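> When you get a sec, could you give me coordinates for this:
(one chain, ligands or ions: 1)
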Amino acid sequence: MLSTMQDVPLTVTRILRHGMTIHGKAQVTTWTGESEPQRRSFAEIGGRATRLANALRDELGVMDDERVATLMWNNAEHVEAYFAVPSMGAILHTLNLRLPAEQLSWIVNHAADRVIIVNGTVLPLLAPLLDDLPTVEHIIVSGAGDRAVLDGAAAEVHDYEELLARHSAAFESFAWPELDERRAALMCYTSGTTGDPKGVVFSHRSIYLHSMNVNQTESMGLTDRDTTLVVVPQFHVNAWGLPHATFMTGINMLMPDRFLQPAPLAEMIERERPSHAAAVPTIWQGLLAEVTAHPRDLSSMTRVTIGGSACPPALMEAYDKLGVRLCHAWGMTETSPLGTTSNPPAGLTEEEEWPYRITQGRFPASVEPRLVGPGGDILPWDNESAGELEVRGPWVARAYYGGAGGEELVPEEKFSPDGWLRTGDVGVISPDGYLTLTDRAKDVIKSGGEWISSVELENAIMAHPEVAEAAVVAVPDDKWGERPLATVVLKEDASVDYAALKAFLVGKVAKWQVPERWVLVESVPKTSVGKFDKKGIRKQYANGELDVTRL
Ligand code: ADP
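Alright, predicted model coming up:
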């Protein structure tokens, strides 16, 4: 029997229309570094997104499926592009402005971006690349910056505000197409922590369903009473889905633009009083050191979504003391990104909640997990059997983008023949569906036939009161194959010797796992999205650049 229900396409256009009307008064506040931030309502953003769509179509001739890239911080203009480009039937491609130049050029060429919208402050990064970007015909500059660096560029240069001013803001002024919900809407490349960047292309449908999931109480669960501080960059998997999710529910957004250092973040929180925030652990480590040295009022921010890499339990405890509850989430570019969120089940005391809070979290109905053992067997959810996590669901990728002119979709070994995404993450699942990751398959330390979790060691070291950060990587060892190397950053004015750190680990991890190679560093190198750069540390070690003590 056929259902009697309507088949209405789930599109970004629908979210835009809804947000700018029903939640027209909600605000996007962008930090300017000056006395007053820029404030723009969802209604205004919707109008400006319409102007942008009109300008892109009428003046730049952007047609269906053409790629419009952004090289931008988190700000209102970036949100406008988030809605205008997919809604007009083109594809928004967010570029990571922290990538090395060659990788950035490679990605722009692979995607064949035709237009780049760029913040003026980022021009010095873009200008030197332009000779190598033959597909880029138009550059739209938003905000102040030295535009002279674009002199002589082959691409046509436009000013964002001047372009918008010439076009209508009335929603009806653009002929928004009736889009198939399975069409491409947005693309984002993985940050390449363990390998080359890969292009993931999200559909209107996957964005729509993912946004609904972000708004579930089970997930971030925000409402129109909330303001979320979106620290996670809009180029890092769509700021974890927040710009689209907020337009569905009228959640106010506070955007830090380029002011991502701990001091301005602390000031933003004190002055604008967001109730929620989202960012990777290194941001919260930095902010903690800042507010410990210079106390600030963080009392508005009761909830934080933290993910992208494992959150050390010691960090959660430190923020608990400040009245800020860190909620752990796991995901990846290939999962849009939200997979799990660690809200504990009902009916538990605070003490009983703790073991749940430190997991990566519970799976929502639409992300189906399975654990695969080394021999390919499917493992039970007993919180003990460790295997590679595979997932499938309506916002999980089935292939990578093959690049302009090539095969549209590349299947790759990352996708199993029966349609699951192999995440490359190793962990266990509890009978009630909570995921605990022990490591990335590429980071796990294989010592004498046994596996050591680098994350477990890092968490144990970071629980030491004198330690600010610690990253552990596998290094070659004649006797054991691989052994852990601990790179440690001490807190300001702290002094502790390696023997004391080793002694601290006894009883916390198995004795044979305790590292014998240690090095103190000023800071752990980070990737373009703020994760520990373990590939980089292994390379430094191999090149003899680290002053390692062995004991
Ligand atoms: P890249 O793979 O280049 O780092 P992604 O941002 O897509 O780019 O990273 C996804 C990966 O980040 C996951 O596969 C996982 O290894 C790691 N990750 C994300 N969230 C968490 C978390 N909460 N705990 C541990 N690891 C995480």
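> Just the CA trace of the longest helix seen in the chain, in PDB.
Longest helix of the chain, by residue count under DSSP state H: helix 42-58. Presented in PDB, the C-alpha positions along helix 42-58 are these (Å, rounded to 0.1, in the frame of the first residue of the first chain):
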ATOM      1  CA  PHE A  42      17.600  36.300  10.800                       C
ATOM      2  CA  ALA A  43      15.200  38.400   8.800                       C
ATOM      3  CA  GLU A  44      18.000  40.700   7.600                       C
ATOM      4  CA  ILE A  45      20.300  37.700   6.900                       C
ATOM      5  CA  GLY A  46      17.500  36.100   4.800                       C
ATOM      6  CA  GLY A  47      17.100  39.400   2.800                       C
ATOM      7  CA  ARG A  48      20.800  39.700   2.300                       C
ATOM      8  CA  ALA A  49      21.100  36.000   1.300                       C
ATOM      9  CA  THR A  50      18.400  36.800  -1.400                       C
ATOM     10  CA  ARG A  51      20.500  39.800  -2.600                       C
ATOM     11  CA  LEU A  52      23.500  37.500  -2.800                       C
ATOM     12  CA  ALA A  53      21.700  34.900  -4.800                       C
ATOM     13  CA  ASN A  54      20.400  37.500  -7.200                       C
ATOM     14  CA  ALA A  55      23.900  39.000  -7.600                       C
ATOM     15  CA  LEU A  56      25.500  35.600  -8.100                       C
ATOM     16  CA  ARG A  57      23.000  34.700 -10.800                       C
ATOM     17  CA  ASP A  58      22.500  38.000 -12.500                       C
END
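> when you compare where the following helix or strand past it runs with where helix 42-58 runs, what's the angle?
Proceeding N to C from helix 42-58, the next assigned helix or strand is strand 67-71, under DSSP states H and E. Computed by axes from the mean of the first three to the mean of the last three C-alpha atoms, to 10 degrees, the angle separating strand 67-71 from helix 42-58 equals 130 degrees.
> Neighbouring strands of strand 67-71 in the sheet, and parallel or not?
In the sheet, strand 67-71 lines up against strand 91-94 (parallel), strand 115-119 (parallel) (DSSP bridges).
> Quick one: distance of that strand to the chain centre.
Here the centre of strand 67-71 is set off from its chain's centre by 18 Å, with C-alpha atoms, centre = their mean, to the nearest Å.
> Please work out which residues outside it touch it.
Residues from elsewhere that reach strand 67-71 (C-beta atoms under 8 Å, 6 or more residues apart in numbering): 56, 62, 78, 81, 85, 90-95, 97, 108, 111-119, 122, 125-126, 187, 234-235. Yep, even glycine has a C-beta here, placed from its N, CA and C like the rest.
> is stretch 262-282 up against the ligand anywhere?
No. Shown here: stretch 262-282 not in contact with the ligand (C-beta under 6 Å from any ligand atom), separated by at least 8.3 Å.
> Would you mind measuring from the residue nearest the centre of the chain to the ligand?
When C-alpha atoms, centre = their mean is applied to the chain, the residue found nearest the centroid is H236 (3.9 Å). Going from H236 to the ligand by C-beta to the nearest ligand atom, to the nearest Å gives 6 Å.
> Tell me, what's the model's pLDDT at that residue?
We have a pLDDT of 95 for H236.
> residues contacting it?
Residues counted as contacts of H236 (C-beta under 8 Å, 6+ apart) are 96, 191, 308, 529.
> Not counting sequence-adjacent ones, nearest residue to the second one?
The reference is to S191. V529 (4.6 Å; C-beta to C-beta, 6 or more residues apart in numbering).
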